[in-house]
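Trainee: Any chance you could fold what I've pasted below:
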Amino acid sequence: MSLIASLLFSVVILVAFFGVQRQGRKQKRLAEVKSDFINNMSHEFKTPLATINLAVDALIRNGEKMAPSKMQSYLSIVKKENKRMNAQMESVLQMSMMDKEELTLDKAVMDISQVLTEAVQHFKLAVQDKQGWIDLNITEGNYSYFGDHTQFKSALTNLIDNAVKYSNGTPKISIQMTQSSSAFYILVRDRGIGMDEDTLNQVFDRFYRATKGNIHDVKGHGLGLSFVKEIIEKHRGTISVQSDEGEGTTFKVVLEKNPHND
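Mentor: Sure thing, here's the model as predicted:
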């Protein structure tokens, strides 16, 4: 009996030991998630703030001799980027609502080619300041689609921001929009650091910590790509990714044409 009791006691001790270890790993993961979230949110504000700083610096340096139209252009940039930061904060709230299945889209007929053009405009000044470029090519046609303009633009903005972040110093980004008889296609290609197979398999996971950081040493893709996937899927679309390490990454968004896409 004493032997059986001893064995049972040992089993209880082992179960308790592994339970404590498992709880410790869980707490460590939660701490990593919190750290990733803070790092991600910090970086999400860097791009619009950098653009605002560039616009303000240009106004300070050349304001007195600047043409009114040019001045208005820079002021418009400041206003748009401020609006973008507010939208990014809203994205965090939206992700929380998605977890609770509370997010609803305010859908109406929109021109997705115009939405894409607006998203690209957010990055023009910052990319040019890095001696880079964004090439936007939209084939002719009707790009009317039933969706949420604000949310869809936010998803595209996050997707382009990812391409800018993971470029090697000088962003070189190609964006294409085409269509077939059954679907719209958006391709966002960068010539940056690329991703290995492990990263590709987890790139849409929320708070995934990548092994390679961007030019600001902020590791992981954070909320950005997870949010993009959520919004695209809520528009009954799909997003996929192809990448080669050291050569760049291409994201492909497919939206099926459907007049009753509600």
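
Trainee: For the rest of this, base every contact and every neighbour count on C-alpha atoms.
Mentor: Fine.

Trainee: how many other residues sit next to residue 126?
Mentor: By other CA atoms under 10 Å, 23 other residues sit near residue 126.

Trainee: which residue packs closest to it, ignoring adjacent ones?
Mentor: residue 51 (5.5 Å; CA to CA, 6 or more residues apart in numbering).

Trainee: can you pull the buried residues of whatever helix or strand that neighbour lives in?
Mentor: Using DSSP states H and E, residue 51 sits within helix 46-62. Buried positions in helix 46-62, judged by neighbour count with 16 or more other CA atoms under 10 Å: 47-49, 51-52, 54-56, 59.

Trainee: now swap in stretch 144-162 and tell me
Mentor: Buried, per 16+ other CA under 10 Å, within stretch 144-162: 144-149, 151-162.

Trainee: C-alpha coordinates for it, CSV please?
Mentor: Extracted in CSV, the C-alpha atoms of stretch 144-162 (Å, rounded to 0.1, in the frame of the first residue of the first chain):
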residue,chain,number,x,y,z
SER,A,144,-17.8,49.3,-58.8
TYR,A,145,-18.1,47.0,-55.8
PHE,A,146,-20.5,46.6,-52.8
GLY,A,147,-18.5,47.2,-49.7
ASP,A,148,-17.4,49.4,-46.8
HIS,A,149,-15.3,52.2,-48.2
THR,A,150,-13.6,53.1,-44.9
GLN,A,151,-12.8,49.6,-43.8
PHE,A,152,-11.6,48.4,-47.3
LYS,A,153,-9.4,51.5,-47.6
SER,A,154,-7.9,50.8,-44.1
ALA,A,155,-7.1,47.2,-45.2
LEU,A,156,-5.4,48.4,-48.4
THR,A,157,-3.5,51.0,-46.4
ASN,A,158,-2.2,48.4,-44.0
LEU,A,159,-1.2,46.1,-46.9
ILE,A,160,0.8,48.9,-48.6
ASP,A,161,2.3,50.0,-45.3
ASN,A,162,3.6,46.4,-44.8
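
Trainee: pLDDT (mean, whole number) over stretch 245-262?
Mentor: Regarding stretch 245-262, the rounded mean pLDDT is 82.

Trainee: wait, stretch 145-152
Mentor: Mean per-residue pLDDT for stretch 145-152: 92.

Trainee: check contacts around residue 250.
Mentor: Applying CA atoms under 8 Å, 6 or more residues apart in numbering, we find residue 250 in contact with 187-190, 241-243.

Trainee: CA atoms only for the helix holding residue 51, dumped as PDB, please.
Mentor: Taking Å, rounded to 0.1, in the frame of the first residue of the first chain, the C-alpha atoms of helix 46-62 are listed here in PDB:
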ATOM      1  CA  LYS A  46       5.500  56.300 -37.200                       C
ATOM      2  CA  THR A  47       4.600  56.400 -40.900                       C
ATOM      3  CA  PRO A  48       1.800  59.000 -40.700                       C
ATOM      4  CA  LEU A  49       3.900  61.000 -38.100                       C
ATOM      5  CA  ALA A  50       6.900  60.900 -40.400                       C
ATOM      6  CA  THR A  51       4.800  62.100 -43.300                       C
ATOM      7  CA  ILE A  52       3.400  64.900 -41.300                       C
ATOM      8  CA  ASN A  53       6.900  66.000 -40.200                       C
ATOM      9  CA  LEU A  54       8.000  66.000 -43.800                       C
ATOM     10  CA  ALA A  55       5.100  68.200 -44.800                       C
ATOM     11  CA  VAL A  56       5.500  70.600 -41.900                       C
ATOM     12  CA  ASP A  57       9.300  70.900 -42.500                       C
ATOM     13  CA  ALA A  58       8.600  71.700 -46.200                       C
ATOM     14  CA  LEU A  59       6.200  74.400 -45.100                       C
ATOM     15  CA  ILE A  60       8.600  75.900 -42.600                       C
ATOM     16  CA  ARG A  61      11.500  75.900 -45.000                       C
ATOM     17  CA  ASN A  62       9.700  77.200 -48.100                       C
END
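
Trainee: Done for today, thanks.
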